[in-house]
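**Student:** Mind looking at a prediction? Sequence and model below.
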Amino acid sequence: MSRHRAVRNLDYDEVMDEFEENLEEEEENRLLMEQGVADVRDALGAEAAKVTKTQIEEALWHYYYDVDKSVTYLTTKFINPPQPKAPKPAAPKPTGKFIIPLQAMLPHELQDSLHWAEDNRDGLGGRASRLTGFRQDHVGFRVPGSSPSYPLPPVCLSTHFHDMPWGNIPKGRESILIPPVVPRCGLLGGSGAPPKMTKLQALAAARKKKAQEKTSEQEVEQTRTQMTGLSVSSTPTQKENTPLSGAFSKRLKTSSSTAQGRVPIIPTEPRSESEQSVEPITKEPEVVAEPVQVPPVKKAQPSAFAQTLFGGPTPTFTIQQDVVTLGLAPSVLEAFSKPSPDDIVLAAQAKAGKKPPAGQTKKSKLSTTNSVTSSVAELKIDDTPLPKSRNLNVLSEFEKSTQKKNASFVVVGHVDAGKSTMMGRLLLDLNVVDQRTVEKLRKEAHMIGKSSFALAWVLDQRTEERSRGVTIDIATNRFETDTTAFTILDAPGHRDFIPNMIAGASQADFAVLVVDASTGAFESGLKGQTKEHSLLIRSMGVSRIIVAVNKLDMVNWSQERFDEIKDQVSGFLSATGFQKKNIAFVPVSGLHGDNIVKRSENPAVAWYTGPTLIEELELSEPSARAMEKPLRINVAEVFRTQQSQVTVSGRVDAGSLQMGDAVLVQPATEKAFVKSLLVEDAPADWAVAGQSVVLHLSHIDPIHVRSGDIICDPNKPIPKEKTFNLKALAFDFLMPMQVDVHRGRLHAAGKITAMPALLDKVTGAVTKKNPRLVKPGQVARVRVELDDQVPLEAGQRVVLRSGGETIAAGLLE
Ligand SMILES: Nc1nc2c(ncn2[C@@H]2O[C@H](COP(=O)(O)OP(=O)(O)OP(=O)(O)O)[C@@H](O)[C@H]2O)c(=O)[nH]1
């Protein structure tokens with residue numbers, strides 16, 4: 001078994017613990033020796049002067065502090081040495097029948113020394129052989145590796161070598177043989193005073209001996225497992241030698257620490273067979289007379305373990321050495337022979353952008369590449385200069401301007417009530433759309449059997465809308481009268497597209513409610529979206545409404561029908577919250593253009609002398625503008641243009657802005673700059689509340705801007721809320737339930753968590769606390785909790801829907 005394997009099999013923690021314990025025992029041994037010397041001197045009496053203290057100590061050490069044996073030995077050897085016997089005739093040389101090892105001819109002290117040396121071939125403490133009871137008698141000596149053992153007669157060197165020339169020493173020059181009590185070769189390779197055998201050395205030797213007997217692969221695997229679980233702390237002293245940072249450096253430090261503190265780290269070359277031989281021992285000192293001199297002994301190379309325990313040549317720490325001298329299995333060595341991919345990445349990061357070194361696995365390369373790619377992708381390097389601001393006083397500019405007043409209205413009503421056709425007619429008669437375009441649309445509509453939708457196609461421009469004959473999303477268009485610039489928000493009437501209608505209604509100053517006057521259509525519409533749209537627009541703050549009683553041509557312009565519808569709708573609208581002064585009725589035919597822009601020339605409509613639709617529109621005042629409040633723009637659409645990767649359209653709900661302004665996008669909380677802007681589709685330097693704008697933003701990534709977001713003043717941003725209280729008008733039964741919250745283009749999932757009170761519709765006073773149920777038509781304070789944070793603030797209007805139905809709408813408190 002190699003020394004490495006033996007070292008691996010040691011439990012280093014246990015060894016070190018015992019080493020510390022034995023330091024204390026060293027002191028006990030010293031006291032014991034002093035006491036023994038004193039006892040021996042007492043026993044020798046006057047003869048004690050003939051021996052030195054060193055001889056006494058060696059005797060005591062040899063006989064394990066046995067005073068009697070030590071006295072006998074000292075008396076025999078030093079005080080009353082036996083007279084040398086006369087040389088005997090030459091002994092018969094051993095025959096070839098019995099080959100007796102030379103060791104067997106040595107005195108038992110030398111035999112011990114020889115065994116001790118054998119035990120120390122590889123540098124580990126062989127003195128343990130004596131402490132562990134390994135004593136060999138010179139009779140029946142058994143040579144390891146040879147068998148059988150042969151009983152031999154006692155021999156002595158003087159007898160054995162009596163015929164040797166150098167053995168014929170003149171009598172006067174004879175000296176007394178003092179066999180070395182402790183051999184000078186071995187563990188530490190020292191030649192000075194014999195070191196004491198400590199328990200720790202004995203333990204190490206015993207374990208080595210034991211470890212040598214273990215050779216199975218199972219034990220190797222077990223050792224690997226133990227090494228894997230080995231846990232040691234790092235020491236700062238290794239930091240100087242391990243300049244790498246990160247996990248790799250940490251592991252190096254740990255490894256070094258382990259080696260330094262517990263494991264031998266000096267790589268030692270395996271000794272040659274010659275070095276491991278017992279040849280030096282065979283040249284051990286002869287039995288010579290005084291002076292006592294120990295012949296030079298070849299120094300054994302101190303073992304790595306011995307160096308660790310007792311010190312030795314200054315070790316040289318290198319990373320590779322640390323790993324190698326751990327004596328790990330090849331697979332383990334391989335695993336730690338190179339920096340791990342993580343270490344490489346960390347090192348590369350530390351070196352700021354240098355290429356990772358080769359040798360990584362494909363997987364690590366891929367992950368590193370992905371990481372770098374994503375990092376690069378996340379880099380937002382917008383080196384375009386910031387837009388220059390003219391630092392205008394926008395409100396002052398607005399006052400000085402000669403712009404027409406802006407007004408936007410949403411066109412609502414039941415599906416197929418004629419909303420798009422009516423707006424098409426309006427644009428046609430206002431020459432916003434020329435007759436040629438309408439003729440073209442008429443032909444196209446005719447080709448698919450939808451000739452009657454030609455005017456509607458002026459606004460319904462999507463293929464699906466045209467093929468299906470229904471409006472799907474809000475269609476915007478603009479026209480101007482002498483006094484006002486109008487923005488049309490043509491909303492879908494189909495119930496499936498209510499959220500889009502809500503988005504349109506949120507941008508409107510007032511509304512045009514289109515009612516189909518044909519037989520049966522009005523009634524069905526009243527039960528359908530006529531009623532729902534009316535409730536919604538009122539709940540969303542629209543206070544002015546123009547009811548266009550359409551398709552009267554289909555009922556021969558019946559005044560009765562008109563009056564009937566007027567009565568029913570006005571009653572309903574009043575109940576919804578519209579004031580009578582803000583409700584207007586106009587008998588029209590969108591398809592034929594009666595009373596849209598031009599007063600009807602049909603005699604059947606002579607009974608109506610009131611304003612046309614366009615006149616009613618002009619009579620409608622836009623709602624109050626919150627120009628002096630912090631900037632709030634409700635983002636309707638986000639798209640890409642030549643001017644900017646991030647272009648948004650929407651309506652300025654509050655405040656003002658100008659080119660070059662910094663803005664904040666919520667809920668992303670991302671800053672951007674207004675590169676340029678359009679107001680009512682025309683380039684402008686500034687915009688104020690109530691205007692529809694298109695903003696070209698810079699210094700922001702498109703992923704941070706979505707429909708429904710709020711662009712706001714970065715100094716006074718709109719808060720992001722997850723819960724809010726709502727003063728809601730119930731369209732359906734309300735109770736704690738899941739709801740969808742709609743605000744403009746924003747849709748957010750949430751739930752009604754509480755209904756603190758029922759409120760009076762007019763005064764807003766609490767009429768009942770904590771109702772279990774809110775009935776349709778009642779107003780209540782409800783608490784809504786959202787799944788995610790949403791930019792919300794008091795004064796905003798939101799709609800609650802559930803299961804595809806509008807169940808409530810109201811005002812944030
Ligand atoms: N006779 C007659 N038909 C009309 C009039 N206005 C619209 N229509 C017809 O009504 C049908 C629906 O018209 P649209 O304008 O698409 O109705 P809408 O309200 O916009 O429909 P959605 O937007 O899908 O809800 C078309 O066939 C029109 O020709 C009208 O004044 N008289």
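**Tutor:** Sure thing, it's come through.

**Student:** so where is the stretch 151-300 of the chain shaky, pLDDT-wise?
**Tutor:** Residue ranges of the stretch 151-300 of the chain with pLDDT under 70: 151-200, 204, 211-300.

**Student:** Distance-wise, check residue 209 relative to the ligand.
**Tutor:** 99 Å (Cβ to the nearest ligand atom, to the nearest Å). All C-beta spots, glycine's among them, are computed from the backbone N, C-alpha and C.

**Student:** That residue belongs to a helix?
**Tutor:** Yes. Assessed with DSSP: H, G, I helix; E, B strand; the rest coil, residue 209 lies in a helix.

**Student:** Compute the number of surrounding residues for it.
**Tutor:** Residue 209 has 18 neighbours, counted by other Cβ atoms under 10 Å.

**Student:** And residue 472, by the same measure?
**Tutor:** 15.

**Student:** is it true that it touches residue 465?
**Tutor:** Yes. With contact defined as Cβ atoms under 8 Å, residue 472 counts as touching residue 465 (5.3 Å).

**Student:** give the contact list for residue 673.
**Tutor:** Applying Cβ atoms under 8 Å, 6 or more residues apart in numbering, we find residue 673 in contact with 386-387, 660-663, 697-700.

**Student:** Does it lie in a helix or a strand, and which?
**Tutor:** strand 670-679 (DSSP states H and E).

**Student:** residues of that strand that come out buried?
**Tutor:** By neighbour count on 16 or more other Cβ atoms under 10 Å, the buried set for strand 670-679 is 670, 672-679.

**Student:** Turn those residues into CSV, including pLDDT.
**Tutor:** Conversion of the buried residues of strand 670-679 to CSV gives the following (pLDDT from 0 to 100):
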residue, pLDDT
670, 92
672, 92
673, 91
674, 92
675, 89
676, 90
677, 91
678, 91
679, 89
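
**Student:** where does this structure come near the ligand, residue by residue?
**Tutor:** 413, 415-421, 452-453, 456, 470-471, 492-494, 550-551, 553-554, 589-591 (Cβ under 6 Å from any ligand atom).

**Student:** Among the residues you listed, name the buried ones.
**Tutor:** For the residues of the chain next to the ligand, buried by 16+ other Cβ under 10 Å: 413, 415-421, 453, 456, 470-471, 492-494, 550-551, 553-554, 589-591.

**Student:** Point out the ones among the residues you listed that are inside strands.
**Tutor:** Residues of these located in strands (DSSP state E): 413, 550.

**Student:** what comes into contact with the host helix or strand of residue 741?
**Tutor:** Assessed by DSSP H and E, residue 741 sits inside strand 738-743. Defining contact as Cβ under 8 Å, 6+ apart, one finds that strand 738-743 is touched by 499, 502, 506, 708, 747-752, 784, 786, 790, 792, 796-802, 807.

**Student:** from these, which would you call buried?
**Tutor:** Buried members of the contacts of strand 738-743, scored by 16+ other Cβ under 10 Å, are 499, 502, 506, 708, 747-748, 750, 752, 784, 786, 790, 792, 796-802, 807.

**Student:** mind checking how far residue 429 is from residue 423?
**Tutor:** The spacing between residue 429 and residue 423, counted by Cβ to Cβ, to the nearest Å, is 11 Å.

**Student:** Who has more neighbours out of the two?
**Tutor:** Of the pair residue 429 and residue 423, residue 423 is the one with more neighbours under other Cβ under 10 Å, namely 29 against 17.

**Student:** Now that one: which helix or strand?
**Tutor:** Using DSSP H and E, residue 423 sits in helix 419-429.

**Student:** for that helix, packing partners?
**Tutor:** Helix 419-429 sits against strand 405-413, helix 435-447, strand 475-480, strand 484-490, strand 510-516, helix 613-619, with contacts defined as 3 or more Cβ pairs under 8 Å, 6 or more residues apart in numbering; DSSP states H and E.

**Student:** possible to save those as a markdown table with mean pLDDT?
**Tutor:** Shown next, in a markdown table, are the helices and strands packed on helix 419-429 (pLDDT from 0 to 100):
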| stretch | mean pLDDT |
| --- | --- |
| strand 405-413 | 90 |
| helix 435-447 | 89 |
| strand 475-480 | 89 |
| strand 484-490 | 91 |
| strand 510-516 | 94 |
| helix 613-619 | 92 |
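
**Student:** highest average neighbour count across these?
**Tutor:** Ranked by mean neighbour count under mean count of other Cβ atoms under 10 Å, the helices and strands packed on helix 419-429 are led by strand 510-516, which reaches a mean of 27.

**Student:** Just checking: what are the partner strands of that one?
**Tutor:** For strand 510-516, sheet partners with direction are given as strand 405-413 (parallel), strand 545-550 (parallel), following DSSP bridges.

**Student:** Would you report the backbone torsion angles of residue 750?
**Tutor:** Here is the backbone geometry of residue 750 (degrees, to the nearest 10): phi -170, psi -170.

**Student:** Please verify my assumption that it contacts residue 786.
**Tutor:** Yes. Counting by Cβ under 8 Å, residue 786 is a contact partner of residue 750 at 4.0 Å.

**Student:** list the buried ones in stretch 778-793?
**Tutor:** In stretch 778-793, counting by 16+ other Cβ under 10 Å, buried: 778-784, 786, 790-793.

**Student:** any idea whether residue 581 is helix, strand or coil?
**Tutor:** helix.

**Student:** Distance of it relative to the ligand?
**Tutor:** Residue 581 is 27 Å from the ligand, by Cβ to the nearest ligand atom.

**Student:** Please apply the same query to residue 796.
**Tutor:** Distance, residue 796 to the ligand, by Cβ to the nearest ligand atom: 27 Å.

**Student:** Equivalent analysis for residue 696, please.
**Tutor:** Counting by Cβ to the nearest ligand atom - residue 696 and the ligand are separated by 31 Å.
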